[in-house]
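Student: Turn this into a structure:
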Amino acid sequence: MARRKTIPEPTKAAQTCVIGAGAGGLALAVRLQAAGIKTVLIEARESAGGLIRTWQKDGFTFEGGPAAIADPAPLRELWSLTGDDLADSLQLLDVSPSWRCNWPDGSVLDLPADPAQLARIAPDDLAGYEEFASWCAMSRVAGWQRLSEQSQDGPLAALEMIPALFRHQGWRSAAGLAASMVKSDKLREALAFSVLEAGANPYVSGALTLLGQLPPAIGPAWWPQGGIGKLVEALTQRFVKLGGELRLHDPVIRLHTVGNRVSEVECASGWRSGVSQIASNADVVHTYRDLLSQTQRGPDMARKLTAKRFSPSAFTVHFALEGTWPGIPHRTVLFGPRFKGLFDDVFTHGVLPQDLMILLSHPTVTDASLAPPGKSVFSATVPVANLVKLPLDWETIGKVLEQRILAEVGRRLVPDIADRLIARFHTSPRDLALDFNAWAGAGWSLEATPTQSGPLRPHHRDGKLPNLFLVGAGTHPGAGLAGVLASAKATAGLMLETKS
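Tutor: This next block holds a predicted model:
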């Protein structure tokens with residue numbers, strides 16, 4: 001891809017900069033600009049969005065990123081900062097059911113679950129399901145929201161979190177919480193699997209991680225009319241409308257320091273600017289190892305980070321089919337014959353499982369504008385180990401895995417899928433590593449383990465360079481759309497407090 005050629009500009013006066021226009025970087029930049037802080041948002045790629053990517057092919061819109069929005073409240077808040085309404089910029093469509101759970105024996109359960117379905121799948125768990133729903137409602141605001149938006153800037157943060165963690169059973173794993181309330185293995189799987197959307201292992205990650213992925217009260221989810229890319233467009237337009245400066249297709253190559261402060265940002269085009277504050281939404285290892293390579297802090301932090309556990313990656317097949325499929329909901333999880341064993345393979349052993357658990361997205365059932373009339377768009381994602389645990393030749397293996405995934409979708413849902421395929425392509429861990437500088441091709445940065453959560457993740461403000469801040473999946477509270485929006489709020493609070 002040809003890089004934009006520009007004449008190097010003279011160094012600008014110190015200003016506030018955000019590196020990376022993914023969802024977290026965009027949300028942070030909007031918050032800063034709304035607070036009256038003139039902000040420059042710098043993006044390496046030709047368009048904003050980060051892992052929320054859009055491909056237009058032959059009238060089809062294929063997208064990477066979340067298959068739905070669990071809770072639009074944080075987005076509404078971004079608009080309300082200046083007295084505006086999200087609805088004026090983005091139309092949100094209900095996604096109901098929020099998930100359909102499908103097992104190899106043909107059993108099906110929609111979430112939110114109704115008593116009739118529960119009676120068939122888990123007749124002894126009606127009360128337990130209600131208890132789980134009550135826990136979600138009770139813990140969302142005082143648990144997940146309070147903790148996720150709390151800035152992590154020092155050792156006291158850990159002490160402040162302890163009471164809320166115990167009060168809302170945050171010390172339990174997601175699978176452990178579900179097991180404490182319901183008896184059915186299938187219902188336990190249905191209630192715990194969604195932490196995978198944040199790159200987390202339900203047997204390891206804290207129960208509160210669930211609340212960033214589940215819709216409030218386990219109700220419907222939402223989808224932006226025109227695709228998830230419309231959310232990126234709306235955030236980008238919001239930032240520019242507020243007076244922010246967006247620099248696209250110009251990767252940051254170096255952060256210069258003087259003493260214990262970042263003094264200047266330098267881009268590949270030669271553009272340079274002095275900075276008073278700078279926040280990075282880039283991969284955390286890339287930030288320290290590459291952008292701060294000529295400082296002592298950069299290599300030191302990079303060594304510490306690469307010694308930690310990173311999340312798995314993802315392999316996604318995007319495909320288009322002839323026909324419409326009203327019987328296949330917007331989101332389906334196709335469980336395989338194993339649950340815990342599959343997570344062990346991906347997260348611990350680093351092997352490519354023979355069985356599959358597929359997160360299937362069918363957005364055209366909600367939004368027909370994403371495909372020509374009479375046709376449909378799908379994506380099918382499976383978790384795979386990252387490149388450190390599983391250094392495969394994805395150019396070769398990808399073709400085989402793509403066929404296995406399509407065959408399983410065909411066997412379970414679309415018997416004549418081979419005859420109906422119009423287009424298909426896939427993305428792999430290799431793409432994440434090459435396109436986004438993602439360490440080990442990890443799809444969700446650092447893994448969400450008890451020893452890598454909250455104040456034990458990289459802090460929102462660097463401990464040695466006080467005008468360097470972090471936002472996004474690599475910092476608290478972690479990955480997923482809800483997580484990076486929460487991190488943007490926490491980081492913005494610190495930056496505004498420091499600026500004042």
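Student: switch to C-alpha atoms for all contacts and neighbour counts from now on
Tutor: OK.
Student: The residue lying closest to Thr427 once chain neighbours are set aside - how many residues pack around it?
Tutor: Excluding its sequence neighbours, the residue lying closest to Thr427 (CA to CA, 6 or more residues apart in numbering) is Thr316, at 5.4 Å. A count of neighbours around Thr316, defined by other CA atoms under 10 Å, yields 23.
Student: pretty sure Thr316 is in a strand, no?
Tutor: Yes. Using DSSP: H, G, I helix; E, B strand; the rest coil, the assignment for Thr316 is a strand.
Student: Could you double-check that it sits in contact with Val384?
Tutor: No. Between Thr316 and Val384 no contact is recorded; they are 10.1 Å apart, counting by CA atoms under 8 Å.
Student: helix/strand/coil for Ala282?
Tutor: coil.
Student: burial measure for it, as a count.
Tutor: 29.
Student: what does Arg53 give?
Tutor: Neighbourhood size, Arg53 [other CA under 10 Å]: 16.
Student: now do Gly243
Tutor: With other CA under 10 Å as criterion, Gly243 counts 17.
Student: Buried residues of stretch 73-81, list them for me.
Tutor: 74-75, 78-79 (16 or more other CA atoms under 10 Å).
Student: In JSON lines, list these along with distance to Phe62.
Tutor: Listed next are those as JSON lines, based on distance: CA to CA, whole Å:
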{"residue": "Pro74", "distance to Phe62": "25"}
{"residue": "Leu75", "distance to Phe62": "23"}
{"residue": "Leu78", "distance to Phe62": "26"}
{"residue": "Trp79", "distance to Phe62": "27"}
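Student: Can you lay out those as TSV showing secondary structure, pLDDT and distance to Gly480?
Tutor: As requested, the buried residues of stretch 73-81 are exported to TSV (DSSP: H, G, I helix; E, B strand; the rest coil; pLDDT from 0 to 100; distance: CA to CA, whole Å):
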residue	secondary structure	pLDDT	distance to Gly480
Pro74	helix	95	13
Leu75	helix	97	14
Leu78	helix	97	17
Trp79	helix	97	20
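Student: Out of the residues you listed, the closest to Tyr129 would be?
Tutor: Ranked by distance to Tyr129 (CA to CA), the buried residues of stretch 73-81 are led by Pro74 at 26.6 Å.
Student: Am I right that Gly327 is in a strand?
Tutor: No. Counting by three-state DSSP, Gly327 is not found in a strand; it is coil.
Student: Quick check: it vs His249, distance?
Tutor: 41 Å (CA to CA, to the nearest Å).
Student: Can you list the low-confidence ranges for the stretch 51-200 of the chain?
Tutor: 152-171 (pLDDT under 70).
Student: you'd agree Leu196 is up against Pro202?
Tutor: Yes. Counting by CA under 8 Å, Leu196 does reach Pro202; the two are 7.3 Å apart.
Student: So between those two, which is more surrounded?
Tutor: Each of Leu196 and Pro202 has its neighbours counted (other CA under 10 Å); Pro202 has more, 28 against 22.
Student: and the residue nearest to Thr427, bridged to which residues?
Tutor: Counting by DSSP bridges, Thr316 forms beta bridges with Thr381, Thr427.
Student: need the contact list for it.
Tutor: Neighbouring residues of Thr316 by CA atoms under 8 Å, 6 or more residues apart in numbering: 379-382, 426-428.
Student: tell me the mean pLDDT over stretch 28-41?
Tutor: Looking at stretch 28-41 alone, the average pLDDT works out to 97.
Student: count of residues packed around Asp88?
Tutor: For Asp88, the neighbour count with other CA under 10 Å is 9.
Student: picking up where we left off before, tell me which two of the contacts of Thr316 sit farthest apart.
Tutor: Ser379 and Ser428 (13.0 Å).
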